[in-house]
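J.: Here is my input, please return the structure:
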Amino acid sequence: MTEDNLRRSADANGCVPDKGDGSNWKSPLEQLQHWQMNRRTQAFSTVGTPDYIAPEVLLKKGYGIECDWWSLGAIMYEMLVGYPPFYSDDPITTCKKIVHWRNHLRFPAEARLTPEAKDLIRSLLRDADTRLGSRGADEIKAHPWFKDVNWDMLYEMEAAYKPEVNGDLDTQNFMKYDEVASHLSRCLSHSLPLLSER
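T.: The predicted model follows:
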């Protein structure tokens, strides 16, 4: 999951997952069938923006839904701090920082994050077996950072910001970035042993 895989719901009350593969599913059943058909190949593939990829994905250890909670932690960090937690100009360096996250996860003082925000991010950016959310989303919802969120009324609340859009395909509110996926894929296929190095 990356911020590119999220899109605003039509009423702007929340973000909903976007499949990110450019396809338009005709029904939830068709989406489920596609997922079931491809889940085993996807579970060992390295796809996505390097800044948000969980270490177990980079190390090709196999993974489950908990890798998305890592991505959520990275996105949250970026939203609160202003840049991704393991950012580097070079994708390989970013990957190395993610694999050795214990040595690189830092919170800049100027970001003035609350202790609850830091704790939530640390709870998401950690080993898969102890990652918050590995036993379900309710773990995350119960975190103190969300204490004022009424989850049952979330979709009924007025959105704090509603961007102006000219239709479902309007992308004027998105920043444009160069694609790095093919470069990352090439680098990772040749450099996996290097990721284990410091």
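J.: Tell me where the protein has strands.
T.: Using DSSP state E, the strands of the chain run over 6-8, 15-17.
J.: Now do the contacts for Pro144.
T.: Going by C-beta atoms under 8 Å, 6 or more residues apart in numbering, Pro144 touches 116, 119. Backbone N, C-alpha and C define where each C-beta goes, glycine included.
J.: That one and Ala54, how far apart?
T.: 24 Å (C-beta to C-beta, to the nearest Å).
J.: quick one, what contacts Asn150?
T.: Asn150 makes contact with Met157, according to C-beta under 8 Å, 6+ apart.
J.: For it, give me phi and psi.
T.: Torsion angles at Asn150 (phi, psi; degrees, to the nearest 10) stand at phi -90, psi 90.
J.: low-confidence ranges in the protein?
T.: 1-49, 175-198 (pLDDT under 70).
J.: rerun at 90
T.: Per-residue confidence for the chain (pLDDT under 90) gives these ranges: 1-50, 60-63, 88-92, 157-164, 167-198.
J.: any chance you could map the helices in it?
T.: Listed in chain order, the helices of the chain (DSSP state H) span 28-42, 55-58, 66-81, 91-99, 101-104, 115-124, 137-141, 181-195.
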